[in-house]
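A.B. asks: dropping the sequence and predicted coords here.
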Amino acid sequence: LSFDESGTLLAAGSMSSSGRTGHLYLWNLKNGEPVPAKILLHGAPVSCVGISPDGRHLVSGGDNRLTIVWDSESGEKLAEFPHQGNVREVKFDRSGERLLTVANDRSVRVWNVLDLRLETERIAHEAPVIAADFGPDGKTVQAVCADGSIHRWKIEPTQRLYRLYMPFPWVAFSPDGAELIAADSRSPGQVMVWDVKTGAEKVRLRQTYSRQVRFSPDGRQILSHGSKGQANLWHRTDSGDWLPVPFPLTPERTVQVSAFSPDGRFIATSETDYGLVPGWVNLRRLDARGSNLPVMLSPVEKSFRHRNWGYGLAFSPDGRRLASGTTFGEVFIRVVEGDGPELRLEHGPERIQWLEFSPDSRLLGSACADGYGRLWDAATGKQYGPSFGHREEVVSIRFSPDGTLVATGSKDGNVQLWDVAKGT
């Protein structure tokens, strides 16, 4: 599933019921009015799709070892790029002139979309590539492999700049793209910070077993947590030092999911007692103390009890509200600062899979294993418009960049696109 940058084009790939072929679907959403989708035959199950930033080109990758480039306006097939394995990922660079493809032959390739040619030789790796992307400068490629290695390549001429290794890493880029962090999943483990441009290791932070790692929105904090009752927080001072910040948890608690507020002043965590019921959503405040002193993490400022595990956390873009979901199909919306009503929304009897606020923070979208996606008024908790039904679990719900459209994806293999204002 892929939108273009303007939010006027939506692409999705599919697999036939026989599993032998696949199609690429393209919707033109100009003026908010969907037109009949173009259906393009890929010839095999489609595993990945992409749209160039300017919307001119559409690409599909699939299980026939081909990446196909299409003209998004006419639906004409422009080129077939061959691989030695099935294609698993496609990415355009910011200019839309280059395309990166990942195949299960342990390779990454870079193609020139304008000239419809291979721009680099096959960039081979020692292990299967599980994710890759262009670097911020557009002249390099980063790849993460199944053996825990992280590679950075110069595109022209093709040259490996560095290879980093950490078994089973959880990785994240800093907001400015200049740094990469990875968390070791072993216990005791560590968080490593690298300079993306040079590959130099900048710092190694000791920590406990970790399942997730993330930067704060301003890149000044790193948060990691895992399944052994521990969470780790570090703060970068103006002098560049990373200082630990105490993050107290009761010994039996496990942080399942975490989120920073958009302004970075709050950390929300969904916690359980080693997976037992009930669950809690806790809100803590980060307070600055000085340029070369670590922030202070307040005790739990607000704590909300769930009668079951918490699934999904989402701050509204304006930072005023926090939404959380449970395995019982409940959705809660709470005010982050000050007093306000707790809104309890009954979505359905099954697990909440995904939560997302609209860009203007006015609506909350929820995806549920009961086969429905729903929109809610974030201020009142009332359902907004009709439910979006699928034949199987709804696993994702996403708003278009302008908030006028919402897409739901399901395990039934269908993507549905809805007009937010009309509910159709």
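C.D. replies: Good, I have the coordinates.
A.B. asks: list the contacts of whichever strand or helix holds residue 89.
C.D. replies: Element membership for residue 89, per DSSP states H and E: strand 87-92. Strand 87-92 is contacted from outside by 47-53, 57, 59-63, 65-67, 98-104, 113, 129, 131-134, using CB atoms under 8 Å, 6 or more residues apart in numbering. The C-beta positions use only the backbone N, C-alpha and C, and glycine is treated the same way.
A.B. asks: partners of it, with directions?
C.D. replies: If you go by DSSP bridges, strand 87-92 pairs up with strand 98-103 (antiparallel).
A.B. asks: what mean pLDDT does the partner strand have?
C.D. replies: For strand 98-103, mean pLDDT is 93.
A.B. asks: burial measure for the residue nearest to residue 137 when sequence neighbours are not counted, as a count.
C.D. replies: Distance criterion CB to CB, 6 or more residues apart in numbering; nearest residue to residue 137, sequence neighbours excluded, is residue 197 at 7.9 Å. By other CB atoms under 10 Å, 16 other residues sit near residue 197.
A.B. asks: okay, residue 197: pLDDT?
C.D. replies: 77.
A.B. asks: these two touch, right, it and residue 178?
C.D. replies: Yes - counting by CB atoms under 8 Å, residue 197 does reach residue 178; the two are 7.1 Å apart.
A.B. asks: sketch out the low-pLDDT regions of the stretch 151-300 of the chain for me.
C.D. replies: Where the stretch 151-300 of the chain drops to pLDDT under 70, the residues are 166-169, 184-189, 207-211, 226-229, 250-251, 274-277, 289-294.
A.B. asks: quick one, strands of it?
C.D. replies: Assigned by DSSP state E, counting those that start in this stretch, the strands in the stretch 151-300 of the chain fall at 159-165, 170-173, 179-183, 189-195, 201-207, 212-215, 221-225, 231-236, 242-245, 254-260, 266-273, 276-287, 296-297.
A.B. asks: looking at those, which is buried most?
C.D. replies: Here the criterion is mean neighbour count by mean count of other CB atoms under 10 Å, and of those the winner is strand 221-225, at a mean of 26.
A.B. asks: report the angle between it and strand 189-195.
C.D. replies: Strand 221-225 and strand 189-195 are oriented at 150 degrees to each other (axes from the mean of the first three to the mean of the last three CA atoms, to 10 degrees).
A.B. asks: now for the helix or strand hosting residue 130, which elements pack on it?
C.D. replies: Assigned by DSSP H and E, residue 130 falls within strand 129-134. Helices and strands touching strand 129-134, as assessed by 3 or more CB pairs under 8 Å, 6 or more residues apart in numbering; DSSP states H and E, comprise strand 87-92, strand 98-103, strand 107-112, strand 140-145.
A.B. asks: from the contacts of strand 87-92, list just the buried residues.
C.D. replies: Neighbour counting with 16 or more other CB atoms under 10 Å marks 47-52, 57, 59-63, 65-67, 98-104, 113, 129, 132-134 as buried within the contacts of strand 87-92.
A.B. asks: find the helix or strand that the closest residue to residue 85 other than its chain neighbours is a member of.
C.D. replies: Among residues not flanking residue 85 along the chain, residue 105 sits closest, at 3.2 Å (CB to CB, 6+ apart). Using DSSP H and E, residue 105 is not contained in any helix or strand.
A.B. asks: what number of residues are in the vicinity of residue 105?
C.D. replies: Neighbours of residue 105 using other CB under 10 Å come to 17.
A.B. asks: wait, isn't it in contact with residue 123?
C.D. replies: No - counting by CB under 8 Å, residue 105 stays clear of residue 123, with 11.0 Å between them.
A.B. asks: gap between the residue nearest the centre of the chain and residue 153?
C.D. replies: Per CA atoms, centre = their mean, the C-alpha nearest to the average position across the chain is that of residue 172, at 10.4 Å. To residue 153, residue 172 is 20 Å away according to CB to CB, to the nearest Å.
A.B. asks: likewise residue 388?
C.D. replies: Taking CB to CB, one finds residue 388 at 41 Å from residue 153.
A.B. asks: kindly report the same for residue 378.
C.D. replies: 43 Å.
A.B. asks: just residue 249 next, same as before
C.D. replies: Counting by CB to CB, the gap from residue 249 to residue 153 is 40 Å.
A.B. asks: which of the two has more residues huddled nearby?
C.D. replies: Ranked by neighbour count (other CB under 10 Å), residue 249 and residue 153 place residue 153 first, with 22 against 16.
A.B. asks: residue contacts, the more buried one?
C.D. replies: Contact partners of residue 153, counting by CB under 8 Å, 6+ apart, are 108, 123, 140, 141, 142, 143, 159, 160, 161.
A.B. asks: also residue 141?
C.D. replies: 100, 108, 110, 123, 132, 133, 134, 135, 152, 153, 155.
A.B. asks: and the strand holding residue 89, how far from the chain's centre?
C.D. replies: Strand 87-92 sits 15 Å away from the centroid of its parent chain (CA atoms, centre = their mean, to the nearest Å).
A.B. asks: all further residue positions should be reported with the first residue as 44.
C.D. replies: Sure thing, new numbering starts at 44, so read that last one as strand 130-135.
A.B. asks: that one versus strand 172-177: what angle between them?
C.D. replies: If you take the same axes, to 10 degrees, strand 130-135 sits at 10 degrees to strand 172-177.
A.B. asks: among the strands of the stretch 194-343 of the chain, which is nearest residue 123?
C.D. replies: strand 202-208 (27.9 Å; CB to CB).
A.B. asks: contact partners of that closest one?
C.D. replies: 183, 190-197, 225, 235, 237, 241-242, 244.
A.B. asks: with just CA atoms, put it into PDB.
C.D. replies: In PDB, the C-alpha atoms belonging to strand 202-208 read as follows (Å, rounded to 0.1, in the frame of the first residue of the first chain):
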ATOM      1  CA  GLN A 202      31.700   0.700  -3.000                       C
ATOM      2  CA  ARG A 203      30.900  -0.600   0.500                       C
ATOM      3  CA  LEU A 204      31.700   2.200   2.900                       C
ATOM      4  CA  TYR A 205      31.300   0.200   6.100                       C
ATOM      5  CA  ARG A 206      29.700  -2.900   7.600                       C
ATOM      6  CA  LEU A 207      28.400  -2.900  11.200                       C
ATOM      7  CA  TYR A 208      27.400  -6.000  13.000                       C
END
